[in-house]
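Trainee: sequence below, structure please.
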Amino acid sequence: MSEARTTVESRHAPDETRQVVEWMPRQPPRVVVKADLLPAVSVLSMVGLLGIPVGWIWSRLAPPERVRVLADNRLVPLQLESWHRFDALAIFLLLGMAAGAITGVVLWLMRERRGPVVLIAGVLGALLAGWLGMQMGSAFAGGLYTVTDAPALGDVVERTPVLETGWVLLAQPMMLTLVYGTLAAWNGRDDLGRRLG
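Mentor: Numbering: from 1, shown residues only. Take a look at the predicted model:
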C-alpha cells in the first residue's frame, strides 16, 4: 500500500498536494450494558415514583360527578355531569404525557448513560408510574369526596372521580419513548454523544 501511494504522489508536480484517503470498514458502536445496569435500576425506581405526584395532582384536578339519590339507592347523574367521566380520563392522560415528555428530556440529559438500557428502564419506570398514579390518584380522590352521613332520597352528592380504563397508563411511556427517540435521531452520532469532551 505504501508503494502505491508513493507512485501516485510522484506523478504530480511538487507544488501540488494530494491527499490519499484509506477506507477502513467502520465498526458499529458497542452497546454498553453492564456499566448501565445499576443506573438503569435507579432510573426505573425514580421514574416509577413519579406516579405519586401525578396521582395527587390528578385527584385535585379531576372533577367529581354530581349525582342524585333515587329510590333503591340508585345514583343518577345530573344533566351533563356524566361528561366528567371523560374529563377525569383526559386529565390523567395529559398529566401522563407531560410527565413522559419531561422524563424523556431528563434521561437524555444523562449524557454518559445514553442508550437502550436506560431507555428501557425509563419505559418500565413510566409504566410503573402510570399504574402507581392510577392507584394513588383514586386513593387521594376518595379521601376528598367522603360522604359522612347517609344521603336522603333526592339529595345531590358528589361521586369520586374514577379512571374507567387502564389504557391511560400507556401515555407516559409512549411520550417518553417519542421524546427520547426524537432526541436520539436529532443527535445523529453513533455513540449518541456518550463520550464526554
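Trainee: show me the strands in this protein, by range?
Mentor: For the chain, the strands defined by DSSP state E occupy 65-69, 75-77, 156-159.
Trainee: worst mean pLDDT among those?
Mentor: Of all the strands of the chain, mean pLDDT reaches its minimum on strand 75-77 (a mean of 68).
Trainee: just the mean pLDDT for the longest helix along the chain, thanks.
Mentor: Looking across the chain with DSSP state H, the single longest helix is helix 116-144. Confidence over helix 116-144 (mean pLDDT, whole number) is 94.
Trainee: in terms of secondary structure, what does it contact?
Mentor: Other helices and strands packing on helix 116-144, by 3 or more Cβ pairs under 8 Å, 6 or more residues apart in numbering; DSSP states H and E, are helix 37-48, helix 51-61, helix 84-109, helix 171-187. (Glycine included, C-beta is placed from N, CA and C.)
Trainee: as TSV, these with distance to Gln135, mean neighbour count and mean pLDDT would be great.
Mentor: Formatted as TSV, the helices and strands packed on helix 116-144 follow (distance: least, Cβ to Cβ, whole Å; neighbours: other Cβ atoms under 10 Å; pLDDT from 0 to 100):
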stretch	distance to Gln135	mean neighbour count	mean pLDDT
helix 37-48	12	17	93
helix 51-61	7	19	96
helix 84-109	12	19	94
helix 171-187	14	18	94
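Trainee: nearest to Trp131 among those would be which one?
Mentor: The minimum distance between Trp131 and these falls on helix 51-61, with 6.9 Å, by Cβ to Cβ.
Trainee: from the rest of the structure, what touches the closest one?
Mentor: Where contact means Cβ atoms under 8 Å, 6 or more residues apart in numbering, the residues beyond helix 51-61 that reach it are 88, 91-92, 95-96, 99, 128-141, 144, 161, 172.
Trainee: any idea of the angle that helix forms with helix 171-187?
Mentor: Here helix 51-61 runs at 120 degrees with respect to helix 171-187, directions being taken by axes from the mean of the first three to the mean of the last three Cα atoms, to 10 degrees.
Trainee: between helix 51-61 and helix 116-144, how big is the angle?
Mentor: Computed by the same axes, to 10 degrees, the angle between helix 51-61 and helix 116-144 is 40 degrees.
Trainee: helix 51-61 to helix 84-109, inter-axis angle?
Mentor: 150 degrees.
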